[in-house]
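A.B. asks: here is a sequence together with a model predicted from it:
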Number of protein chains: 2
Amino acid sequence: MVNSIHATLDRTFSALADPTRRALLARLGEQDGLSVSELARPISMSLPAVMKHLDVLSDAGLITRTKTGRTVSCRLRAAPMEEAMRWLAHYQKFWSGSLDRLATLLEK
Amino acid sequence: MVNSIHATLDRTFSALADPTRRALLARLGEQDGLSVSELARPISMSLPAVMKHLDVLSDAGLITRTKTGRTVSCRLRAAPMEEAMRWLAHYQKFWSGSLDRLATLLEK
DNA sequence: TATAGAGTTAACCATAAAGTTAACGGTATT
DNA sequence: AATACCGTTAACTTTATGGTTAACTCTATA
């Protein structure tokens, strides 16, 4: 098994560990299908730098990119986050109050 | 505000992005208060390397260390995970089924 | 008091990450 | 056909990460 759960969590958490990348995901969450330059515009950073962040997100499976003509539109793929959340959920009992614990029970 | 929510999430996700560190947290989840060398024993890595991982976890607020005599016992502090989980929860609607959505509602 | 044990620090190395600028390749537009 | 636009690639720099070994401190014990 080449892509173990560990490697997947590594890539997911690592991708989420950068504020620029979280901001990119947040924008796609509000408005999906934005182009590379639309995503880059509000970021005070060179385009190649933003590209690298998109590459990281793509490698982590958190976005997909499809080219039409000369523009590339990016779409959110939140699925890998689920695994990350499940991992975190194991620790919920160490911090959470009763409502959160109820929520955890309901997920089973 | 020196420690913005962004910096906190950076440190939390970044700390969780390493399998050795996740394994350390998992062990403390099963059995809290383990010493540094007890934590290091099953890991095929030098003690200083493990120490560095503990430093990262400590900086992220995910563990605390208290020295008594010559041994240092480590305790899990899951609180920072809550913020990470809340961030992820915003994206739950992009992947989850009805039960998970219900769980999200209950957290409010 | 000598020795062993638990933890830490320092110095170093290799690789990866995060950014830059400059040049390039297709696709539209005029 | 020339030009502008969107995205990409390449080459480079700086800093962070993850590991090593060696030396050290402090505490406990024989």
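C.D. replies: Structure's in. What do you need?
A.B. asks: ok, residue A:17 - how many residues close by?
C.D. replies: By the criterion of other C-beta atoms under 10 Å in any protein chain shown, residue A:17 has 20 neighbours. All C-beta atoms are positioned from the backbone trio N, CA, C, and that covers glycine.
A.B. asks: what's the pLDDT at it?
C.D. replies: The model reports residue A:17 with a pLDDT of 98.
A.B. asks: what distance do you get for it to residue A:69?
C.D. replies: Noted for residue A:17: a distance of 34 Å to residue A:69, by C-beta to C-beta, to the nearest Å.
A.B. asks: now residue A:91
C.D. replies: Distance from residue A:91 to residue A:69, by C-beta to C-beta: 46 Å.
A.B. asks: the more surrounded of the two?
C.D. replies: Neighbour count, other C-beta under 10 Å: between residue A:91 and residue A:69, residue A:91 has more, with 21 against 5.
A.B. asks: can you tell me the closest non-neighbouring residue to that one?
C.D. replies: In this structure, residue A:91 finds its nearest non-sequential neighbour in residue B:78, 4.4 Å apart by C-beta to C-beta, 6 or more residues apart in numbering or on different chains.
A.B. asks: which stretches of chain A have low pLDDT?
C.D. replies: For chain A, applying pLDDT under 70 flags the ranges A:1-2, A:97-108.
A.B. asks: DNA strand C contacts on that one?
C.D. replies: Contacts of chain A with DNA strand C, taken as C-beta under 7 Å from any atom of the strand, map to A:14, A:17-18, A:20, A:45-46, A:48-49, A:52-53, A:56, A:68-70.
A.B. asks: residues in chain A within reach of chain B, list them.
C.D. replies: Residues of chain A lying near chain B by C-beta under 8 Å from any C-beta of the partner chain: A:6, A:9-10, A:13-14, A:16-19, A:22, A:25-26, A:29, A:76, A:78-79, A:81-82, A:84-85, A:87-92, A:94-96, A:99-100, A:102-104, A:106-107.
A.B. asks: restricted to strands, list those.
C.D. replies: The strands, defined by DSSP state E, take in residue A:76 from these.
A.B. asks: write the ChimeraX selection for whichever of the residues of chain A next to chain B are buried.
C.D. replies: Selection of the buried residues among the residues of chain A next to chain B in ChimeraX, burial being defined by 16 or more other C-beta atoms under 10 Å in any protein chain shown:
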select /A:9,10,13,14,16,17,18,22,25,76,78,81,82,84,85,87,88,89,91,92,94,95,96,100,103,104,107
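A.B. asks: what are the ranges of the helices in chain A?
C.D. replies: Using DSSP state H, the helices found in chain A span residues A:5-16, A:19-30, A:36-40, A:47-59, A:79-89, A:98-107.
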